[in-house]
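> Sequence first, then the predicted structure, then my questions.
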Amino acid sequence: MNWLSSPVCCVLDFNKLMGEHGGACTNADAMKEMKKIAKALQLNVSEAYLKTVYQKSFGVGWSFFKGKVGVWREYFNDEHKVAVKEEIGDLLIQLGYEKDLDW
């Protein structure tokens, strides 16, 4: 998982990108993630532009089922949880989505 610290990798936190709409972070947190995207793409754009893109992109549209943090709990049964923990549990911890495998 060396790619996490690679200078050519831009790791984003989807919860933060959802901002207040997702219920876990602030819109200021979302703007920090938007700035990371712009920096990674070497875009010289204003904060106002990033805010417009953020407002039009996150939490709206067909690609967002509910746009809330933790909704997966309503759909994952114990079998699903075991499978996810086995396959990507460590990655979820490294990315900061979970503290440990006790979920």
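Received it, and whenever you're ready, just let me know what you need. Keep in mind that this is a model prediction, so the values were computed, not measured.

> Report the buried residues of stretch 24-35.
Ala24, Cys25, Asn27, Asp29, Ala30, Met31, Glu33, Met34 (16 or more other C-beta atoms under 10 Å). From N, CA and C alone the C-beta is placed, and that goes for glycine too.

> So for it, mean pLDDT?
Averaged over stretch 24-35, pLDDT sits at 91.

> Name the surrounding residues that touch it.
12-13, 15-20, 47, 50-51, 53-54, 58, 69-70 (C-beta atoms under 8 Å, 6 or more residues apart in numbering).

> May I see the ChimeraX selection of the buried members of those?
A single ChimeraX command selects the buried members of these (16+ other C-beta under 10 Å):
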select :13,15,16,17,18,19,50,54,58,69
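
> Rank the contacts of stretch 24-35 by pLDDT and give me only the lowest.
Among the contacts of stretch 24-35, Val69 has the lowest pLDDT, at 73.

> any idea whether the nearest residue to it once chain neighbours are set aside is helix, strand or coil?
Of all residues not flanking Val69 in the chain, Ala24 sits nearest, at 4.1 Å (C-beta to C-beta, 6 or more residues apart in numbering). Following DSSP: H, G, I helix; E, B strand; the rest coil, the label given to Ala24 is coil.

> Please report the distance of Ala24 from Leu95.
Here Ala24 is placed at a distance of 14 Å from Leu95 (C-beta to C-beta, to the nearest Å).

> try His21
Taken as C-beta to C-beta, the span from His21 to Leu95 is 20 Å.

> higher neighbour count, the two?
His21 (19 against 15; other C-beta atoms under 10 Å).

> how close does that one get to Pro7?
From His21 to Pro7 the distance is 31 Å (C-beta to C-beta).

> swap in Val69?
29 Å.

> mind listing what the closest residue to Asn44 other than its chain neighbours touches?
Of all residues beyond its chain neighbours, the one nearest Asn44 is Ala38 (7.9 Å), with distances taken as C-beta to C-beta, 6+ apart. By C-beta under 8 Å, 6+ apart, the residues touching Ala38 are Asn44, Val45, Leu50.

> Great, nothing more from me.
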